[in-house]
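Undergrad: can you look at this prediction? I've put the sequence above it.
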Amino acid sequence: MAPRELSALLWLSLPLVIMVGMSTGAVKIPIDIIIQHCVSMLFRSNGTDLSSGQIEIILFDIRLPRLCLAFLVGVVLAISGAVMQGLFRNPLAAPSLIGVSSGASLGASLVIVFAGAWLQSNSILGLSLIATGAFFGSLFATLIVYRLSTSTFGTSVSTMLLAGIAVSALAGAVNSWLSYFADNEMLRQLSVWQMGNLSTANWPRVFIVGSVGIFVLMIFSRESQSLNALLLGESEARHLGIDVQRVKKKLLLLTTLGVGSAVAVAGMIGFVGLVIPHMVRLLIGPDHKWLLPLSALAGGILLLIADIFARVVYAPIEIPPGILTAVLGAPFFIMLLADQRKQI
């Protein structure tokens with residue numbers, strides 16, 4: 001498939017998915033009513049009855065920020081996964097390889113177990129204390145991995161991979177220890193957070209992830225040629241004039257910033273950063289000029305679809321979106337691999 005064809009297909013599907021997400025949920029809202037209220041909000045006209053005000057609250061205070069957050073988190077996770085796969089020159093690479101996800105999980109677990117329920121309701125810049133702990137946990141884990149893999153000769157990608165595995169294993173062990181001593185309520189909170197949760201979406205969180213997402217997307221796009229050169233190998237990239245150490249440091253820091261922010265507000269949502277870039281690469285090829293933006297767009301749409309299913313499959317009970325990203329994406333990924341095998 002040509003990159004422009006995939007881009008057009010994704011952009012056409014995005015408003016359709018958003019409209020479906022706005023209309024579905026515990027309260028069914030017809031499409032024409034949604035359009036009517038959108039026009040009403042656009043021209044600053046108020047509803048005339050109580051039901052109109054309730055619908056506007058559902059649409060613009062509950063569902064729209066949740067959809068925006070789901071899309072932005074999917075964008076950040078997918079583009080970060082594409083960057084990590086290009087940096088490691090491995091289609092199975094993911095942000096979790098350098099300890100970002102495990103560090104975030106440990107930070108959140110520490111807050112849940114030791115901070116107490118009354119502290120968890122406090123917020124810093126729109127983020128709960130759990131989200132704040134997750135962000136700093138991811139930052140601290142990545143800093144350890146980076147320091148272990150950096151010497152006077154530069155940063156070793158292979159050493160970074162091994163250090164990331166070690167830090168992730170250590171964080172997992174501490175998480176298991178915390179879970180063992182946690183009470184029932186703490187265990188439930190740990191489980192919900194580690195399976196992903198978008199029900200706490202609000203506009204401050206959307207603003208935080210949106211700002212981070214736009215920033216990392218702009219910087220990553222500027223480094224697309226560097227990532228293309230790194231696919232040939234580090235020595236070949238140096239011969240092409242790429243400052244390999246600077247590029248690696250910049251990409252790692254931005255990946256930590258993006259994934260740490262996404263995980264902090266939405267919990268652990270797997271699969272998106274691993275499989276979406278690989279799926280897009282199978283469709284359009286390895287050129288990062290197209291791979292990065294299309295992976296971001298596809299990741300956002302996948303998480304939107306997963307969140308819609310999470311709200312309607314067992315309504316009014318919500319399924320963690322991290323489960324559904326694997327359920328929705330894995331079969332399609334297997335189909336792509338099977339098709340690719342036939343072409344070999």
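TA: Okay, I see it. Everything numeric here is computed off the predicted structure, so don't read it as measured data. Residues are numbered from 1 along each chain as shown.

Undergrad: in contact with the most centrally placed residue in the chain, which residues?
TA: For the chain, L77 is the residue whose C-alpha lies nearest the centre (Cα atoms, centre = their mean; 3.1 Å). By Cβ atoms under 8 Å, 6 or more residues apart in numbering, L77 lies in contact with P95, V259, A262, I269, V272, G273, I276, G299, L303. In short, each C-beta sits where N, CA and C put it, glycine included.

Undergrad: change it to 10 Å
TA: Listed by Cβ atoms under 10 Å, 6 or more residues apart in numbering, the contact set of L77 reads 94-95, 101, 213, 258-259, 262-263, 266, 269-274, 276-277, 295-296, 299-300, 302-303, 325.

Undergrad: mind listing what's buried along whichever strand or helix holds I214?
TA: For I214, the host element (DSSP states H and E) is helix 203-222. Buried residues in helix 203-222, counted by 16 or more other Cβ atoms under 10 Å: R205, V206, I208, V209, G210, V212, G213, V216, L217, I219, F220.

Undergrad: downstream of that helix, the next helix or strand is which one?
TA: helix 224-230.

Undergrad: about what we covered before: who does the helix holding I214 touch, helix- and strand-wise?
TA: Packing contacts for helix 203-222, counted by 3 or more Cβ pairs under 10 Å, 6 or more residues apart in numbering; DSSP states H and E, involve helix 64-88, strand 127-128, helix 129-149, helix 244-266, helix 288-312.

Undergrad: and among those, the most buried is which?
TA: helix 64-88 (a mean of 27; mean count of other Cβ atoms under 10 Å).

Undergrad: now it, how far from the chain's geometric center?
TA: Its chain's C-alpha centre and that of helix 64-88 lie 4 Å apart, by Cα atoms, centre = their mean, to the nearest Å.

Undergrad: in this structure, what helix or strand scores lowest on average pLDDT?
TA: Using mean pLDDT, DSSP states H and E, the weakest-scoring helix or strand in the chain turns out to be helix 117-120, at a mean of 53.

Undergrad: can you put the buried residues of helix 203-222 in CSV and add distance to A141 and pLDDT?
TA: As requested, these are exported to CSV (distance: Cβ to Cβ, whole Å; pLDDT from 0 to 100):
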residue, distance to A141, pLDDT
R205, 22, 86
V206, 25, 90
I208, 20, 86
V209, 20, 89
G210, 24, 90
V212, 18, 88
G213, 21, 88
V216, 18, 90
L217, 23, 90
I219, 21, 91
F220, 21, 91
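
Undergrad: find the nearest non-adjacent residue to L328, please.
TA: Counting by Cβ to Cβ, 6 or more residues apart in numbering, A306 is the residue found nearest to L328 once chain neighbours are left out, at 5.6 Å.

Undergrad: who touches the spatially closest residue to G233 that is not a sequence neighbour in this structure?
TA: Closest residue in space to G233, ignoring its immediate chain neighbours: R89 at 7.8 Å, by Cβ to Cβ, 6+ apart. R89 makes contact with V157, L227, L230, L231, L232, G233, E234, according to Cβ under 10 Å, 6+ apart.

Undergrad: ok, V313 next?
TA: Contacts of V313 by Cβ under 10 Å, 6+ apart are I319, L324, V327.

Undergrad: surely M160 and K249 touch.
TA: No. Counting by Cβ atoms under 10 Å, M160 stays clear of K249, with 11.1 Å between them.

Undergrad: joint contacts of the two?
TA: Residues within reach of M160 and of K249 at once, by Cβ under 10 Å, 6+ apart, are Y146, T150.

Undergrad: about what we covered before: list the ones among the contacts of V313 that fall in helices.
TA: L324, V327 (DSSP state H).

Undergrad: quick one: buried ones out of the contacts of V313?
TA: I319, L324.

Undergrad: which residue in the contacts of V313 has the weakest pLDDT?
TA: Among the contacts of V313, V327 carries the lowest pLDDT, at 78.

Undergrad: returning to that earlier point: the residue nearest to L328 contacts L324, correct?
TA: Yes. Taking Cβ under 10 Å as the definition, A306 is a contact partner of L324 at 4.0 Å.

Undergrad: mind listing the shared neighbours of those two?
TA: G196, I269, F271.

Undergrad: same list (the residues you listed) but as JSON lines, adding pLDDT and distance to M186.
TA: Output for these, formatted as JSON lines (pLDDT from 0 to 100; distance: Cβ to Cβ, whole Å):
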{"residue": "G196", "pLDDT": "82", "distance to M186": "18"}
{"residue": "I269", "pLDDT": "86", "distance to M186": "21"}
{"residue": "F271", "pLDDT": "81", "distance to M186": "26"}
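
Undergrad: tell me the one of those residues nearest A8?
TA: F271 (25.1 Å; Cβ to Cβ).

Undergrad: that closest one contacts F332, doesn't it?
TA: No. Between F271 and F332 there is no contact under Cβ under 10 Å: 11.2 Å.

Undergrad: comparing these two, which residue is more hemmed in?
TA: It is F271, of F271 and F332, that has more neighbours when counted by other Cβ atoms under 10 Å, with 24 against 12.

Undergrad: look up how far I319 lies from that one.
TA: Using Cβ to Cβ, to the nearest Å, F271 is found at 14 Å from I319.

Undergrad: do the same with H288
TA: H288 is 34 Å from I319, where distance means Cβ to Cβ.

Undergrad: poorly predicted segments of this structure, please.
TA: For the chain, the stretches with pLDDT under 70 are 44-52, 116-128, 153-155, 157, 329, 333, 336-337, 339-344.
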